[in-house]
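turn this into a structure:
(2 chains)
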Amino acid sequence: MKLVFEKSVPGRRAVQPGPSDVPTTINIKSDLLRRRPAELPELSELDVVRHFTELSRRNFGVDSNFYPLGSCTMKYNPKVAERIAAYPGFAHLHPLLPQLRMGGMLTQGALRVLYETDLLLREITGMAGFTMQPSAGAHGELTGMMIMAAYHRDKGYKKTTILIPDSAHGTNPASAAIAGYKVASIPTNEKGVMDINALRQSLNDDVAGLMLTCPNTLGLFEPQIKQICDLIHSVDGLAYYDGANLNAIVGKARPGDFGFDIVHLNLHKTFATPHGGGGPGAGPVGVKEKLLPFLPVSIVVKRNDGTYALEYDHPKSVGYIAPFYGNFAVILRAYVYILMLGKEGLRRVAENAVLNANYVKEKLKGHYELAFDSVCKHECVFSPTKQILDNGIHAIDIAKALIDKGFHPPTVYFPAIVKEALMIEPTETESKETLDAFINAMIEIAESAKTTPDKLKSAPTTTPVCRPDEVAAVKNLNIASLTS
Amino acid sequence: MPFISNTPDQQEQMLADIGMTMDELFADILPELMCKSFNLPGGLSEQQVRNHLAELAGKNSIHLACFLGGGFYDHFIPAAVYSLISRSEFYTAYTPYQPELSQGTLQAIYEYQSAICRLTEMEVSNASLYDGGTALYEAMMMALRITDRNKIIIDDSVNPIYRVMIHSYTRNLQIELEQIHCTDGLPDRRQILRKIDDKTAAVILQNPNFFGCIDDFSDIAEAAHAKRALLIVSCYPISLGILKTPGAMEADIVTGEGQSLGMPMSFGGPYLGFMASKKQYVRKMPGRIVGETTDRLGQRAYVLTLQAREQHIRRGKATSNICSNEALCALTALVYLSLLGKEGLKETAQRCADKASYAYNRLTAIPGVKPHFKNRWFFNEFVLDLPSEAADVIAKLIERGFAAGFPLSRYYDGMKNSILICVTEKRTKQQIGMLAEALESVL
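This next block holds a predicted model:
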């Protein structure tokens, strides 16, 4: 398919501004101006619409079909939330308005959304207060590390190290490192959960804290979660909960009750906001009482007269981590979702997410190698059987074969502690019929892997392209078309 | 239950099928770890939630004539932008890990990267960062990695919102952050050139700067390069419709806030951080990058590339921790730029400058209202000195239906009476005239 630039026809126009109502003057000194216009495409509106419609047809979303990408919680994104985010009263609101004198009164509706989402998330997680500012999960992690550092500095501690299990998402060690910490890895034991003895041996006064995803990336709940938090506290460290997998326990259990001090949530996972092809998301961070003074500014507060306002004067705060109040339109969608589900609805989320994952796990057990055979939470991790691997078929081939059967593949080759991992997260919004169809497809693929492995090697055959050469992409690097 | 497909009967059937009860599925969470409290309200219907949110939306004042800018702008957004980015194949997808199912997102990001390069006259771009502030922070971190030095020089005409963010992010790092006070609206060459030394990783500047003044940083680029330091420029993408590009000034890394490229203001986000650089630095860049390649049949195809820089491969040694970025916002910017096209972007930028110039002449004709900087070229924002405190005047103008501007005293000492006024192509001659009348009447 042609690039948008390759479709350009000199002189063709889409949007035109119409005549100006003020005089047109060249009012800027010429050596401050660009020499030639930016080489943007020259197209009609119809050309542009056709181009992007064609691109959209080369894409696959949750609305297309089942998208069991492990650790990404690809649940259905309610349409009503899109509609509400586009309300002019939210979409056209300038973020600097509440920073003007008397300006807070101009944005009471938006401030109330932020304030109430904070309250709802507190109750959902058992934390004392949230900042809504982080734009994504990893941004929340960095914010959490900054809060940790500010707390320890305030206490006069000199702590240098963050402990992270080897099953963690790559963002955890990356966030700790860019916040200025050293990272020490804690191994996973034979049951797929944290090796507590290894944790004990890693504890010392340098330990600032621990980052933990629970359930972990194997879909397993840490049975000794409370002891893990207690151990970290015993060296004055803080326990950080990565909420990437909160969907498994929402409404059932709360990280705050386990003993975690800092929590981030991925609103684009548990709270059903769209993933956008890779963002925008939102990664609010919640903390326990003793860490409230360190939250980023501004803070949304409710005054005695019932109005909402922004506070900035928090001397111990880590400061500003975002231009404004977070990805407001994403937070708004999550607020809508939480209000619609309510108490009962949210409990059913975890139950059905866990039921769907265990259903898939049990049905595929004889056909694929289960990494850890125990009750899972929101996701399960398989590998191809020895027989499949001996036939030269790998996780990537199974993924590509699934595409031809109309499904998005699971996450592959992660977590790295499982060889040839296929990480399946069905989510609660999928029906039994869809799961059965997926299970059948997976079983058929396992059979083909034994009988006709060559066929799988040529998959997918139903997509516009087949197995693009990633090595060549790096070798012959071409990451922008600079001239038409 | 909302958005759960399986009926209670089906749930029972599935449980029976796997020989488990719901309690058994949660038996791995000890009873004492179950929720100590879960006092949430009952659920609302779609109709109820829409009524509730329509009421809250109604409590936000969006009918003020907007002369507020400060890096975040009220530009016109063509209807086709929203139609196209609302296609669910785009917005309900995730990071394009499976290229065969994601050629739409991947090609769009490649085209976005190309558009950003063409706009800034740089060689490479990444797939997006969160916003203009975090993009500038990431550029600073990138410069530290490239040069293996630890001193950063930043001009105080760089958006103060970005500067306070950089300050927060660097508190735990061993970085020497030197802030230079600008003189008369432009970076102080004498000071900056004197401060650039063998420890300097980068000089950070903005064009147009926070006061709206425009400049050519070629001389500073040359001075920085002479000491093997880099020049980082934060810019306003609409202005690049007419202004000299950071690429033409020999900047090494360019960032900016992409909100003006088709995104509504949405009370602070989601926005779009863009980043471009010289090609030689691409392996030190943060974030996703899409590259062109061929598939098995030799067809053109797009994939995520240079992933060895990223957190999911390099973990603690990655160039950044970023994973989810702002892909849909990057798509928005690309659709917007495609609709405006080569001539449309130029015309939009010129229209902004024309209207700002008209407003400047109208407003400075009011007795007691004076330009803060004399003889400075500006794009679509400018600073005026009022006879009394700007914050007061702005509050009075709110009552008359204007978001008249931003009081600079919030971030700058000695600018109590100064107001930053922004005029986009959306403002009409009539609105500008009414603002002038209202301002005159409240002074």
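
all helices of the stretch 201-350 of chain B, in order?
All helices of the stretch 201-350 of chain B, identified by DSSP state H, counting those that start in this stretch, fall at B:218-226, B:311-314, B:327-364.

what would these look like in a markdown table with mean pLDDT?
Formatted as a markdown table, the entries for the helices of the stretch 201-350 of chain B read as follows, by pLDDT from 0 to 100:
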| stretch | mean pLDDT |
| --- | --- |
| helix B:218-226 | 98 |
| helix B:311-314 | 88 |
| helix B:327-364 | 97 |
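
which one of those helices is the most hemmed in?
Neighbour counts averaged per stretch over those are highest for helix B:327-364, at a mean of 25; criterion: mean count of other CB atoms under 10 Å in any protein chain shown. (Glycine included, C-beta is placed from N, CA and C.)

I'd like to know which elements it is packed against.
Here helix B:327-364 touches helix A:45-57, helix B:79-85, helix B:88-91, helix B:103-120, strand B:370-371, strand B:381-385, strand B:418-422, helix B:429-442, going by 3 or more CB pairs under 8 Å, 6 or more residues apart in numbering or on different chains; DSSP states H and E.

repeat that for 7 Å
helix A:45-57, helix B:79-85, helix B:88-91, helix B:103-120, strand B:381-385, helix B:429-442 (3 or more CB pairs under 7 Å, 6 or more residues apart in numbering or on different chains; DSSP states H and E).

any chance of the ones you listed in a markdown table, plus mean neighbour count and mean pLDDT?
A markdown table is the format used below for the helices and strands packed on helix B:327-364 (neighbours: other CB atoms under 10 Å in any protein chain shown; pLDDT from 0 to 100):
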| stretch | mean neighbour count | mean pLDDT |
| --- | --- | --- |
| helix A:45-57 | 19 | 98 |
| helix B:79-85 | 19 | 98 |
| helix B:88-91 | 22 | 98 |
| helix B:103-120 | 28 | 98 |
| strand B:381-385 | 24 | 98 |
| helix B:429-442 | 17 | 98 |
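
what's the closest of the ones you listed to residue A:378?
Minimum separation from residue A:378 across the helices and strands packed on helix B:327-364 (CB to CB) falls at helix B:88-91, 22.6 Å.

need the residues that contact stretch A:384-399.
Contact with stretch A:384-399 is made by A:368-369, A:409, A:412-413, A:420-422, A:445-446, A:449-450, A:453, A:456-457, A:459, B:98, as judged by CB atoms under 7 Å, 6 or more residues apart in numbering or on different chains.

one more: stretch B:304-323?
With CB under 7 Å, 6+ apart as the test, stretch B:304-323 has contacts from A:136-138, A:141-142, A:170-171, A:173-178, A:183, A:470, A:473-474, A:479, B:96, B:129, B:138, B:145, B:282-291.

pLDDT on the helix or strand containing residue A:209, on average?
Secondary structure assignment for residue A:209, by DSSP states H and E: strand A:207-213. The average pLDDT within strand A:207-213 is 98.

does chain B have contacts with that strand?
No: on the criterion CB under 7 Å from any CB of the partner chain, strand A:207-213 is out of touch with chain B, staying 10.4 Å away.

returning to that earlier point: turn the helices of the stretch 201-350 of chain B into a markdown table, columns for distance to residue B:88.
Supplementary listing: these in a markdown table, determined by distance: least, CB to CB, whole Å:
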| stretch | distance to residue B:88 |
| --- | --- |
| helix B:218-226 | 44 |
| helix B:311-314 | 26 |
| helix B:327-364 | 11 |
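
figure out which of these is closest to residue B:18.
Nearest to residue B:18, of the helices of the stretch 201-350 of chain B and by CB to CB, is helix B:311-314 at 31.9 Å.

can you list the domains in chain A?
Following automatic domain parsing, one finds the domains of chain A at A:4-57, A:82-340, A:349-471.

likewise for chain B?
According to automatic domain parsing, the domains of chain B span B:65-75+B:342-442, B:79-335.

in JSON lines: those domains, plus distance to residue A:162.
Putting the domains of chain B into JSON lines (distance: least, CB to CB, whole Å) gives the following:
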{"stretch": "domain B:65-75+B:342-442", "distance to residue A:162": "33"}
{"stretch": "domain B:79-335", "distance to residue A:162": "9"}
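
how many residues are close by the residue of the stretch 151-300 of chain B at minimum distance from chain A?
Scanning the stretch 151-300 of chain B for the residue nearest chain A gives residue B:268, at 2.9 Å (criterion: CB to the nearest CB). Other residues within reach of residue B:268 by the criterion other CB atoms under 10 Å in any protein chain shown amount to 27.
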